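*Asks:* Sequence and predicted structure are below.
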Amino acid sequence: MKNPGKNDRDLNPSRGDSGSPKELKPEYKRAVQPVRSSSSVIKSPMKFGSKLDDSEVTKSYEAKQRPQPDIPSESLRNRWNYAAEAKGSPMFPLHNPVEVKGNASEVLTRLDSSLQQRSVEAKFDDENCQVLCKTNQFLIYSIDLYAGSENPENTRLEIIRRQGCSFAFRQEREAIINAANGLGADSKPKRSNQPPRMELPPELLSLYKPPTKNDLTIILEKAVDQLHTSRRDVQLFTLQNLAAMTKPDKINSGPSVTMAKLILQENVANIREIITENVSSFEPKDQMNEEILNAYLSTLSNSLESMTLKADNAQNNMFEDFANRLIEVLVDLYDQRYCGNCVHNMYLTVKCLCILIGKSPLSSIITDEKLEGVMRHAKKCGEKQHLKLQNEASSALDILGCT
């Protein structure tokens, strides 16, 4: 039975006695206003996967620039308006806010430098004073900037995880807070109560028996069977497992090298052609497809990095033919800007190309000028938002003999 002392208008605090919308206080108007599209590079709601034309990005960025003589030239890679202002206090409580010294423009400058040095993809929304970040593990989180609660010259940060691993987010949150406080990108907080790191004793490590070549062959054959399924989540899990097994930075790198040779040299279960075909036919439909491409490229880059060519001449010749074909596929993937929707996939593509052109002669179809154009574009993008991409592109240009 409905309470006669309550009516529908009483249940809605935003409506007055007459049922008409009640006028909000001035300090709350900005907090509840609808999201509007911005004239800057990022438009709300922000989504990863949308294509950006470099000329439009540059024009939009240059149009929003204002004279700032006190800003160093190093910060020219920033992707927001220097006149950005923090949002006012919202009508709802913030989730674990952190207050730091400095206005919104100063804090954003520190964040941009940190994100670029740590190779975290970032998209800046000037109008809503928000940064949307994505790591190479596809951890997505947002950073909202609000005016200080006590001192209006300070800035409050609200860092919220939107998708991804909670443990990885904890590390990212600490890095963001350190950068906002001006401690730099590589600084780590000192914890007196942090437990000591547990390591396996040598006598226990000596008991470890790595998988044999036959075991790895069986694993790879089963993985190929799973790649033929129509379920994309199964494909993604399988590829991520292969990428982890071929990763070279392990205590025992023997199985990684063996798995890399099984994939690239011995071509077990026709795995090389499967990878090449799926990379060449990639279409940026959604984020799941981007993660699958990322897993394919991670498997390739890890295998190329782990493999040492000590096979016979016949296998080396077969690998050179595959390498030339792969170079053409990767250059075409970059040229179509399919991987450009995700800067992490762009980095892996350039990393594979850098390893391949150092190990194999260039194909006659791919000219030095075309590859040089790809690397110069990648270096320019890396200078703005991805340090690892910048370093790989610079290494490739050095191999090509380009200044």
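*Replies:* Now that the structure is in, tell me what you want to look at. It should be emphasised that the depicted structure is a prediction, and the values quoted were computed from it without experimental measurement. Residues are numbered from 1 along each chain as shown.
*Asks:* which stretches of the protein form strands?
*Replies:* Counting by DSSP state E, the chain has strands at residues 98-100, 121-125, 130-134, 140-147, 155-163.
*Asks:* what sits up against stretch 204-223?
*Replies:* Stretch 204-223 is contacted by residues 238, 241-242, 245, 251-252, 254-255, 258-259, 262-263, 268-269, 271 when judged by CB atoms under 8 Å, 6 or more residues apart in numbering. No exception for glycine: its C-beta is placed from N, CA and C like everyone else's.
*Asks:* Give me the lowest-pLDDT entry from these.
*Replies:* Lowest pLDDT of the contacts of stretch 204-223: residue 251, 71.
*Asks:* Just list the residues touching that one, thanks.
*Replies:* residue 205 are the contacts of residue 251 under CB under 8 Å, 6+ apart.
*Asks:* before we move on, the earlier item: just give me the closest of the contacts of stretch 204-223 to residue 152.
*Replies:* residue 241 (51.2 Å; CB to CB).
*Asks:* Can you tell me the closest non-neighbouring residue to the closest one?
*Replies:* Among residues not flanking residue 241 along the chain, residue 223 sits closest, at 7.1 Å (CB to CB, 6 or more residues apart in numbering).
*Asks:* Report the separation between the one you found and residue 260.
*Replies:* Going from residue 223 to residue 260 by CB to CB, to the nearest Å gives 14 Å.
*Asks:* Kindly report the same for residue 228.
*Replies:* Note on residue 228: its distance to residue 260, by CB to CB, is 22 Å.
*Asks:* One more: residue 234?
*Replies:* For residue 234 relative to residue 260 (CB to CB), the value is 23 Å.
*Asks:* The two: which is more packed in?
*Replies:* Neighbour count, other CB atoms under 10 Å: between residue 234 and residue 260, residue 260 has more, with 24 against 13.
*Asks:* So residue 391 sits against residue 383, correct?
*Replies:* No. Here residue 391 does not reach residue 383: they are 10.5 Å apart, not a contact under CB atoms under 8 Å.
*Asks:* ok so, going back, which one, of the strands of the chain, ends up nearest to residue 400?
*Replies:* Nearest to residue 400 among those is strand 121-125; the distance by CB to CB comes to 26.2 Å.
*Asks:* Mind listing the strands that closest one pairs with, and their directions?
*Replies:* If you go by DSSP bridges, strand 121-125 pairs up with strand 130-134 (antiparallel).
*Asks:* re the thing from before, of all the strands of the chain, which one is nearest residue 331?
*Replies:* Checking the strands of the chain against residue 331 by CB to CB gives strand 121-125 as the closest, at 22.0 Å.
*Asks:* Any chance you could give me that closest one in PDB, C-alpha atoms only?
*Replies:* C-alpha atoms of strand 121-125 as PDB (Å, rounded to 0.1, in the frame of the first residue of the first chain):
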ATOM      1  CA  GLU A 121      48.000   5.200 -24.400                       C
ATOM      2  CA  ALA A 122      46.200   8.400 -23.300                       C
ATOM      3  CA  LYS A 123      43.300  10.400 -24.700                       C
ATOM      4  CA  PHE A 124      42.700  13.900 -23.200                       C
ATOM      5  CA  ASP A 125      39.300  15.500 -23.000                       C
END
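*Asks:* and the end-to-end length of stretch 113-127?
*Replies:* Length of stretch 113-127, first residue to last, CA to CA, to the nearest Å: 20 Å.
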